[in-house]
Structures are given as structure tokens and as C-alpha cells.
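*Asks:* following is a predicted model, sequence given first.
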Amino acid sequence: MDGRRLRMRMVTIEPGGVFGPLHDHVGRPGTVYVLEGTITDHRDGTATEYGPGLGWPEDRNTVHWLENRGTVPAVEISVDVVEAAD
């Protein structure tokens, strides 16, 4: 993994908030795991809800944005491989 590093973040999306804009994961593969609340993943014209204990992969074909349609903060753990300079 020369020039790359593993990055782990805890991300909170407040009620009514979004994690966006629309973005891709080309060169930045990863996975997401929801700890609290519900996160709606918008991709390919489809909105999919993920609650605690669920998650999804993010690869070079992923183009999406995230939303919290709920009434409580949504918390996720995001793990991805990024360039070492990031």
C-alpha cells in the first residue's frame, strides 16, 4: 500500500442533514457501518435505508450521497483507503 493509508472516521449526520454533495469513491474504496440512527444512501436513483448494525461497501462504481431523514443523530463508522497525503 505504498502511498496509501487506511483511514477510519466516526461521522455524525444530524436529523435533516446530508453528507454530500453527490460524490464517488474512485481510488477510495471503503465500507460503512451504522452505529446509531438511520442513514439513507441515495445511489442509482434508489434510496436505501440502513439502521444500526447494517452497512454497505463503497467501490470505484459508487456514486452517492447520504441523508438522515430521522429525528435522532445518525452515527456511522467509515473506513476507506486514501492517498497518504489526505
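*Replies:* Nice, thanks for sending it over.

*Asks:* just checking: what are the partner strands of the helix or strand where Thr12 lies?
*Replies:* Taking DSSP states H and E as the definition, Thr12 sits inside strand 4-13. Strand 4-13 has its sheet partners listed here by DSSP bridges as strand 74-83 (antiparallel).

*Asks:* show residues contacting the partner strand.
*Replies:* 1, 3-13, 25, 27-39, 55, 58, 68 (Cβ atoms under 8 Å, 6 or more residues apart in numbering). For every residue, glycine as well, the C-beta is placed using N, CA and C.

*Asks:* the strand holding Thr12: how far from the chain's middle?
*Replies:* For strand 4-13, the separation from the chain centroid amounts to 9 Å (computed by Cα atoms, centre = their mean, to the nearest Å).

*Asks:* which SS class is Gly70?
*Replies:* Classification of Gly70 using DSSP: H, G, I helix; E, B strand; the rest coil returns coil.
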